[in-house]
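here are the coordinates; sequence isn't available:
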């Protein structure tokens, strides 16, 4: 929803901006590409080796980091992640994400990780491994429910 405003603010700051929703394409003449469409973040997470997961510098509560972690991106985020505190905790303990407190720390972290691909890749691998280790909830739930589903199916056959 904020794509046009973000693009306008960036343009006012002197950046050359492209917006996905307006048909813009990323290229070497674009300083900032605003991906303001729904359902396409997976594409950008796969293309970007380093991401900042928003909603976390302000007291919004943070956005879900599982998708970028699964898709191989190193993750930076702000301190306000209450909406996904357990996930960020696991990522942080594994070395799969880093907290930045403000714009200055974000800038320094981006510069650091862009200059050190090995560290960035290590963070991305650690994040993917942490998410993988915590995954499988659907499979575990289905396995736990299967005996009850079978009982219902069997009871239904004899009820007719």
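Noted; the coordinates are in hand. The structure presented is a predicted model; accordingly, all values stated were derived computationally and were not measured. Numbering: from 1, shown residues only.

what's the host helix or strand of residue 111 packed up against?
Under the criterion of DSSP states H and E, residue 111 resides in helix 103-115. Other elements packing on helix 103-115 under the criterion 3 or more Cβ pairs under 8 Å, 6 or more residues apart in numbering; DSSP states H and E are strand 50-53, strand 74-77, helix 117-134. For every residue, glycine as well, the C-beta is placed using N, CA and C.

who does the second one pair up with?
I take that to be strand 74-77. strand 50-53 (parallel), strand 97-99 (parallel) (DSSP bridges).

quick check: next helix or strand after it?
With DSSP H and E, the next secondary element past strand 74-77 is helix 85-94.

same check, this time on the first one
With elements assigned by DSSP H and E, the helix or strand that comes after strand 50-53 is helix 66-70.

now the helices and strands packed on helix 103-115 as TSV including distance to residue 140?
Output for these, formatted as TSV (distance: least, Cβ to Cβ, whole Å):
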stretch	distance to residue 140
strand 50-53	26
strand 74-77	25
helix 117-134	11
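
flag the shaky bits of this structure, pLDDT-wise.
136-138, 158-160 (pLDDT under 70).

any idea which helix is longest in it?
With secondary structure taken from DSSP state H, the chain has its longest helix at helix 137-159.

packing partners of that one?
Short answer (3+ Cβ pairs under 8 Å, 6+ apart): helix 137-159 packs on no helix or strand.

so what are the domain limits for the chain?
If you go by the TED database, the domain ranges for the chain are 1-38, 46-156.

so who does the closest residue to residue 113 other than its chain neighbours touch?
Nearest non-adjacent residue to residue 113, counting by Cβ to Cβ, 6 or more residues apart in numbering: residue 120, 4.2 Å away. By Cβ atoms under 8 Å, 6 or more residues apart in numbering, the residues touching residue 120 are 49, 50, 74, 113, 114.

thought residue 74 was touching the fourth one, still the case?
Yes - judged on Cβ atoms under 8 Å, residue 113 makes contact with residue 74 at a distance of 6.0 Å.

return every residue with contacts to both of those two.
49, 50, 120, 123.

and the last one, what does it touch?
Read it as residue 123. 74, 75, 95, 96, 97, 98, 113.
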